[in-house]
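Peer 1: what's the 3D shape of this:
(4 chains)
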2 protein chains.
Amino acid sequence: MGRMSTVDDAIVFDAVGRKIAESGSVVLQDVVAETGVSVGSLYHRYGSREGLLARAWLDAVLAFQTRFIAALESGEPDAGERAAVATPQFCRDEPARARLLICGRKEELLSAGSPLVIKIEVARANKIAAKSMAQFAKANRIPIDACRLGLVAFPLGAVRMYLPDQKVPKKVDAYVAAAFRSAVRVS
Amino acid sequence: MGRMSTVDDAIVFDAVGRKIAESGSVVLQDVVAETGVSVGSLYHRYGSREGLLARAWLDAVLAFQTRFIAALESGEPDAGERAAVATPQFCRDEPARARLLICGRKEELLSAGSPLVIKIEVARANKIAAKSMAQFAKANRIPIDACRLGLVAFPLGAVRMYLPDQKVPKKVDAYVAAAFRSAVRVS
DNA sequence: ACTTTACAAGAACATATATTCTAGTATACA
DNA sequence: TGTATACTAGAATATATGTTCTTGTAAAGT
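Peer 2: Residues are numbered from 1 along each chain as shown, chains lettered A, B, ... in the order given. Below you'll find the predicted structure:
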């Protein structure tokens, strides 16, 4: 092998997330300025701007879905509530990845020109999460819409009320969990 | 007075909203192509790109807040529920403005370089809405956080699950109303 | 120690997009 | 009917930003 990277991927992705959070878009020169990694290096490491954005997105998606699915398949009686609050917890535990996932828009970070490999991996991850949710819905006799609202939409809406400016306070967890239960009840 | 516009503002704002919804950003040439209004006209009418985006945003904000505040101050016992479902209803009734308000990001449409007049008007509108919510919270002895979650965050999260690709189905209204009540109950 | 190879650097280039500019057009009102 | 005025038009220009290219560097394995 040759020389190793002096700056870790995580630091680059973090810079991408910060830019997304504060301006909604990523200019390579800003990433260069924040990380110290040169343009040439970025292209060498990620192939293109789209490659960089797509990788950062994939990184965040995988990190979140691991937690989400673990909660959903925990087998505990409050698995739904746990999955629902996985979102606010993720925002507190991994602010860098959360900035990207919550503040970024998928269409921008994962566009048609993104590397096929990454697109496939993201699609695979999404399919796994969707399957896990479908199974949970079936096992608990909840309509899939109620699941999506209670486990994804409401938690997302809640944390977006705080990010990127403020931290997500712990007390939102109770609200999010209650909103999930209300969705189950309605159905 | 001189000549009148051949193409109405609403049509231009609609094009802006569609572009925001499908790509997340607005390229003037696309607006020109969609509306038939030339670049020169756009600059004459709105002063700058930021002026156009800011005006479109203000238009959508005012349209929504009118409904929201009317529901909140209706004096009905279910004023809260009505205000909560104002969001999904707005998406169904005014899809063009909803695309802008729900899919657009405020930081992009209303930036530092936006015309001061517009910024002031938006700030004023937001202050009025905030005051209305604060009053509602006080009158009903609900924490302001619960209000913001139940009336804004949860409804927003719910409609974003569908927009911009699908229509917001009527059944989400029941979920959104229930989520609002759950927020009241938690507090 | 040597060689290979992945990484680093940044100037040069290409492209996309915003903005300006000059000229022309249609409508309201006297 | 004349004239002022808001609007229309699009080519020309400026700017911002992505991409490529060449040269150089340091670490891993032999």
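Peer 1: How far does stretch A:143-163 stretch from one end to the other?
Peer 2: With C-alpha to C-alpha, to the nearest Å as the measure, stretch A:143-163 spans 29 Å from end to end.
Peer 1: how about that stretch against chain B, any contact?
Peer 2: Yes - Stretch A:143-163 is in contact with chain B by C-beta under 8 Å from any C-beta of the partner chain, via A:145-146, A:148-150, A:152-158, A:160-161. For every residue, glycine as well, the C-beta is placed using N, CA and C.
Peer 1: Pick out the residue of chain A closest to DNA strand D.
Peer 2: Closest to DNA strand D within chain A is A:Arg49: 3.2 Å, counting by C-beta to the nearest atom of the strand.
Peer 1: Quick check, that residue in contact with A:Leu28.
Peer 2: Yes - contact status for A:Arg49 versus A:Leu28: in contact at 6.0 Å, counting by C-beta atoms under 8 Å.
Peer 1: How about the residues of chain A by chain B?
Peer 2: A:22-25, A:105, A:107-108, A:145-146, A:148-150, A:152-158, A:160-161, A:171-172, A:174-175, A:178-179, A:181-183, A:185-186.
Peer 1: and the gap between A:Asp59 and A:Val117?
Peer 2: For A:Asp59, the distance to A:Val117 equals 14 Å [C-beta to C-beta, to the nearest Å].
Peer 1: Name the residue in these two with the higher neighbour count.
Peer 2: A:Asp59 (20 against 12; other C-beta atoms under 10 Å in any protein chain shown).
Peer 1: distance of that one from DNA strand C?
Peer 2: 16 Å (C-beta to the nearest atom of the strand, to the nearest Å).
Peer 1: residue contacts, that residue?
Peer 2: A:9-10, A:13, A:97 (C-beta atoms under 8 Å, 6 or more residues apart in numbering or on different chains).
Peer 1: cutoff 6 Å now
Peer 2: A:Phe13 (C-beta atoms under 6 Å, 6 or more residues apart in numbering or on different chains).
Peer 1: and what of A:Pro88?
Peer 2: Going by C-beta under 6 Å, 6+ apart, the list of residues near A:Pro88 reads A:159, A:168, A:172-173.
Peer 1: nearest spatial neighbour of A:Ser114, skipping sequence neighbours?
Peer 2: Take A:Ser114 and drop its neighbours on the chain: the residue closest to it by C-beta to C-beta, 6 or more residues apart in numbering or on different chains is A:Ala54, 3.9 Å away.
Peer 1: remind me which residues of chain A are low pLDDT?
Peer 2: A:1-2 (pLDDT under 70).
Peer 1: Now the closest residue to chain B within it: closest residue in space, sequence neighbours ignored.
Peer 2: When you check chain A against chain B by C-beta to the nearest C-beta, the closest residue turns out to be A:Gly157, at 2.2 Å. Spatial nearest neighbour of A:Gly157, chain neighbours left out: B:Gly157 (2.2 Å); criterion: C-beta to C-beta, 6+ apart.
Peer 1: Distance of the spatially most central residue of chain A relative to A:Ala21?
Peer 2: Centroid check for chain A by C-alpha atoms, centre = their mean gives A:Leu101 as the closest residue, at 3.5 Å. Distance, A:Leu101 to A:Ala21, by C-beta to C-beta: 11 Å.
Peer 1: now do A:Arg82
Peer 2: For A:Arg82 relative to A:Ala21 (C-beta to C-beta), the value is 26 Å.
Peer 1: okay, now A:Gly17: neighbour count?
Peer 2: What A:Gly17 shows, counting by other C-beta under 10 Å, is a neighbour count of 27.
Peer 1: Is it part of a helix or strand, or is it coil?
Peer 2: Under DSSP: H, G, I helix; E, B strand; the rest coil, A:Gly17 falls in the helix class.
Peer 1: Repeat that for A:Leu156.
Peer 2: helix.
Peer 1: so it sits right up against B:Gly157, yeah?
Peer 2: Yes - between A:Leu156 and B:Gly157 a contact is recorded at 4.9 Å, counting by C-beta atoms under 6 Å.
Peer 1: Between those two, tell me which one has more neighbours.
Peer 2: It is B:Gly157, of A:Leu156 and B:Gly157, that has more neighbours when counted by other C-beta under 10 Å, with 26 against 22.
Peer 1: give the contact list for that one.
Peer 2: For B:Gly157, the contacting residues are A:153-154, A:156-157, by C-beta under 6 Å, 6+ apart.
Peer 1: a markdown table for the residues you listed, including distance to B:Arg67?
Peer 2: Formatted as a markdown table, these follow (distance: C-beta to C-beta, whole Å):
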| residue | distance to B:Arg67 |
| --- | --- |
| A:Ala153 | 21 |
| A:Phe154 | 21 |
| A:Leu156 | 23 |
| A:Gly157 | 19 |
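Peer 1: Between all of those, which two are separated the most?
Peer 2: Maximum pairwise distance in those, criterion C-beta to C-beta, is 7.3 Å, between A:Phe154 and A:Leu156.
Peer 1: Give the burial count for A:Val7, as a bare number.
Peer 2: 13.
Peer 1: wait, I meant A:Ile69
Peer 2: 19.
Peer 1: mind listing what it touches?
Peer 2: Residues counted as contacts of A:Ile69 (C-beta under 6 Å, 6+ apart) are A:Ser132.
Peer 1: how does it look with 10 Å?
Peer 2: Contacts here follow C-beta atoms under 10 Å, 6 or more residues apart in numbering or on different chains; on that basis A:Ile69 touches A:83, A:86, A:125, A:128-129, A:131-133, A:136.
Peer 1: Kindly report the same for A:Tyr175.
Peer 2: A:84-85, A:88, A:154-155, A:158, B:143, B:145-146, B:148-150, B:153-154, B:179, B:182-183, B:185-187.
Peer 1: change it to 6 Å
Peer 2: B:149, B:183, B:186.
Peer 1: Correct me if wrong: the first one contacts B:Ser182.
Peer 2: No - between B:Leu149 and B:Ser182 there is no contact under C-beta under 6 Å: 9.5 Å.
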